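Undergrad: I would like the atomic coordinates for the input below:
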Amino acid sequence: MKQKTKSSLSVKQGVKNINSLDKKSVSEFKKAKKKEMPTEFYVDGIRIGDITILSRAITLVESAKKEHQLKAQEIITQCMPLSGNSVRIGITGVPGAGKSTFIETFGMQLIEKGKKIAVLAIDPSSQRSGGSILGDKTRMEKLSAEKNAFIRPSPSAGSLGGVARKTAETIILCEAAGFDTVFIETVGVGQSEIAVSSMTDFFMLLQIAGAGDELQGIKRGITEMADLIVINKADGDNIKSATRAKAEYQNALHLFPSAISGWESKVVTASAVIGNGIPEIAELINDYISFTKKSKYFFKKRYLQAKYRMYETINEELKNRFYNNPNLTDIIQETEKAVLKGEISPYAAAEKLLTLI
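TA: Numbers count the residues shown, from 1 in each chain. Down below sits the predicted model:
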């Protein structure tokens, strides 16, 4: 116990008083941060809000290496009692809807009110190269310069709905670091948004007026899940068309079944560029949180989210263990060749391989 206290104090002194240390001490502290440190180092650093240590912990969470995953789970387990106190807001929308600009404007207004903002921005991974641009820090220049804001771009890595595989665990670390509002910005390409709903308290859909009929096929499923629809870019010559789009969405919402939460979804217009409508949106989110906490739905939803993530992790681990099983590698390749030659159907081949485990 004494050793842990000493570790905690050393991290705090290193982070808070680094400017008062001599050059040798500063050098030693920076070297320590580059090494693979014990779990207590990460937990203590996250607890006091050290962004560098938080970022390193998130990197461990996102790593595919087994040793990193074991370390990450230790950190998450110790951080869990410190988490759960933020408002988790999911934001999705078609490309070009202005999600990044909206989050920056919204985030800046919340920071002015004394909030601490974490933005987990999910960039689409290339199906060909697996790479991502990860450019949200450049798109949110003002917000990224704020000391009470933390922006973490992560590759979607082909995961459901464009949400990074480890986003839910990253939320826990951000909450433990003291961030009271967490935004999860999704790719918004029409994939299933179930993954977003499984880790957020409030789900917001950004739309723009005159997007075209080509988007109708993806609107209904996402629209039904949205707690709030925002018609963004409602400024200048676009105000009239944005107002018309708002009325159309409001009429469409009446055709959908009532939400399980009991909350009646709203439609508003806003302009992230000039800031119009943002304070009203913040008020609506507060109303939703108060409403669902009073009805206990807020807590029930978080319980169901934890359950959902457990089973999703099981599914993911089963898949990983199947494909990474050295005893199956040759058999899988042989079966694949048989499928390509037409000697066995893909379905029979899959059934054959599954019986081996």
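
Undergrad: I figured residue 121 hits residue 185, correct?
TA: Yes: Residue 121 is in contact with residue 185 according to C-beta atoms under 8 Å; the separation is 4.5 Å. Every C-beta, even on glycine, is put in place using the N, C-alpha and C of the backbone.

Undergrad: looking at the two, which one has more neighbours?
TA: Between residue 121 and residue 185, residue 185 has the larger neighbour count (other C-beta atoms under 10 Å), namely 27 against 24.

Undergrad: what are the ranges of the strands in the stretch 1-150 of the chain?
TA: 87-93, 117-123, 149-155 (DSSP state E, counting those that start in this stretch).

Undergrad: my bad, the stretch 251-357 of the chain
TA: 266-269.

Undergrad: low-confidence ranges, it, go.
TA: Judged against pLDDT under 70, the stretch 251-357 of the chain has no low-scoring part.

Undergrad: can you map out the helices along it?
TA: Using DSSP state H, counting those that start in this stretch, the helices of the stretch 251-357 of the chain run over 278-295, 297-323, 329-340, 346-355.

Undergrad: out of those, which is closest to residue 170?
TA: Residue 170 lies closest to helix 297-323 among those, at 12.4 Å (C-beta to C-beta).

Undergrad: quick one: that closest one to chain centroid distance?
TA: In terms of C-alpha atoms, centre = their mean, to the nearest Å, the centre of helix 297-323 is found 15 Å from the chain centre.

Undergrad: that one to helix 329-340, inter-axis angle?
TA: Orientation note: helix 297-323 sits at an angle of 90 degrees relative to helix 329-340 (axes from the mean of the first three to the mean of the last three C-alpha atoms, to 10 degrees).

Undergrad: the inter-axis angle of helix 297-323 versus helix 346-355?
TA: Angle, helix 297-323 to helix 346-355, by the same axes, to 10 degrees: 90 degrees.

Undergrad: show me what counts as buried in helix 297-323.
TA: Neighbour-count burial for helix 297-323 flags 297-298, 301, 305, 308, 312 (criterion: 16 or more other C-beta atoms under 10 Å).

Undergrad: what's the closest of those residues to residue 286?
TA: Nearest to residue 286 among the buried residues of helix 297-323 is residue 298, at 12.5 Å by C-beta to C-beta.

Undergrad: adding distance to residue 61, write the helices of the stretch 251-357 of the chain out as JSON lines.
TA: Formatted as JSON lines, the helices of the stretch 251-357 of the chain follow (distance: least, C-beta to C-beta, whole Å):
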{"stretch": "helix 278-295", "distance to residue 61": "26"}
{"stretch": "helix 297-323", "distance to residue 61": "13"}
{"stretch": "helix 329-340", "distance to residue 61": "27"}
{"stretch": "helix 346-355", "distance to residue 61": "30"}
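
Undergrad: and residue 153, which of the ones you listed is closest to it?
TA: helix 297-323 (21.7 Å).

Undergrad: and the closest one, what other elements does it pack with?
TA: Judged by 3 or more C-beta pairs under 8 Å, 6 or more residues apart in numbering; DSSP states H and E, helix 297-323 is in contact with helix 278-295.

Undergrad: follow-up on the earlier one: closest to residue 67 out of the strands of the stretch 1-150 of the chain?
TA: Closest of those to residue 67 is strand 149-155, at 20.4 Å (criterion: C-beta to C-beta).

Undergrad: same for the closest one, what does it pack against?
TA: When contacts are defined as 3+ C-beta pairs under 8 Å, 6+ apart, strand 149-155 packs onto helix 51-62, strand 117-123, helix 136-139, helix 141-144, helix 167-176.

Undergrad: among these, which comes closest to residue 233?
TA: Of all those, helix 136-139 sits nearest to residue 233, with 15.5 Å by C-beta to C-beta.

Undergrad: ok, residue 56 touching residue 41?
TA: No: counting by C-beta under 8 Å, residue 56 stays clear of residue 41, with 9.5 Å between them.

Undergrad: of those two, who's got more company?
TA: Comparing residue 56 with residue 41 by neighbour count (other C-beta under 10 Å), the higher total belongs to residue 41, at 23 against 20.
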